[in-house]
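**Student:** Just the structure for this:
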Amino acid sequence: MADPARARKLSKRISQIVASAIEHEIKDPRLDYVTITDTKVTADLHDATVYYTVLGENLDAAPDFAGAAAALESARGVLRSKVGQGTGVRFTPTLAFVADKVPETAQQIEELLAKAREADAEVARLSAGAQHAGDPDPYRAPREDEDEQDED
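**Tutor:** Below you'll find the predicted structure:
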C-alpha cells in the first residue's frame with residue numbers, strides 16, 4: 001500500500017501527462033474539446049481513473065461525449081505508455097476514462113439557486129405590507145400601581 005501523499009502526487013502527474021498528450025501528441029479531432037478535470041489513483045497505484053469533460057464547438061453546440069469516449073478508448077494504450085514514460089513508477093497504472101458530470105451538476109445547482117431566489121422574492125413581496133402580530137412592544141412594562149404598593 002502506497003503513501004496517500006504519493007498517490008495524490010501520482011494522480012496530479014497523470015492528469016498533466018494525459019492532458020498534455022491529448023493536446024499536443026494525439027491528432028484525433030474528437031479530442032479537440034476534451035478537458036481532463038481530475039484523476040484518482042487506487043491505494044496500490046495499479047489503477048487510475050481519469051475524469052474528463054467535453055465542451056461543444058460553440059456555446060450552442062452539444063458536446064460529443066460518445067465521440068470523445070471512443071477516441072479516449074482508442075488512445076488508451078498510447079496514453080498509458082506516455083504515463084509510464086513520464087512517471088517512472090515500477091508498474092504503470094491502467095487507465096480508465098470516466099465522463100465528469102460537473103457541467104450537469106453545476107446546471108442543477110444554478111436551477112436550485114434560481115428557485116430559491118424566486119421564493120425569497122415572493123416572501124419579501126408578501127412581507128412588504130405586513131404588520132407584526134400582537135402588541136407593538138411585546139415586553140411588559142412594570143405597572144406603576146404595583147411599584148407603589150410594594151413601597152408601602
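
**Student:** residues in contact with the residue positioned nearest the centre of the chain?
**Tutor:** Nearest residue to the geometric centre of the chain (C-alpha atoms, centre = their mean): residue 102, 5.0 Å. Contacts for residue 102 were tallied using C-beta atoms under 8 Å, 6 or more residues apart in numbering; they are 37, 53. Where you see a C-beta, it was placed from the backbone N, CA and C, and this is true even at glycine.

**Student:** how near is it to residue 140?
**Tutor:** Distance, residue 102 to residue 140, by C-beta to C-beta, to the nearest Å: 57 Å.

**Student:** Same check on residue 100?
**Tutor:** 61 Å.

**Student:** Tell me which of those two has more neighbours.
**Tutor:** Using other C-beta atoms under 10 Å, the more surrounded residue of residue 100 and residue 140 is residue 100, with 17 against 7.

**Student:** quick one: buried residues of stretch 31-49?
**Tutor:** 31, 33-34, 36-37, 39-41, 45, 48-49 (16 or more other C-beta atoms under 10 Å).
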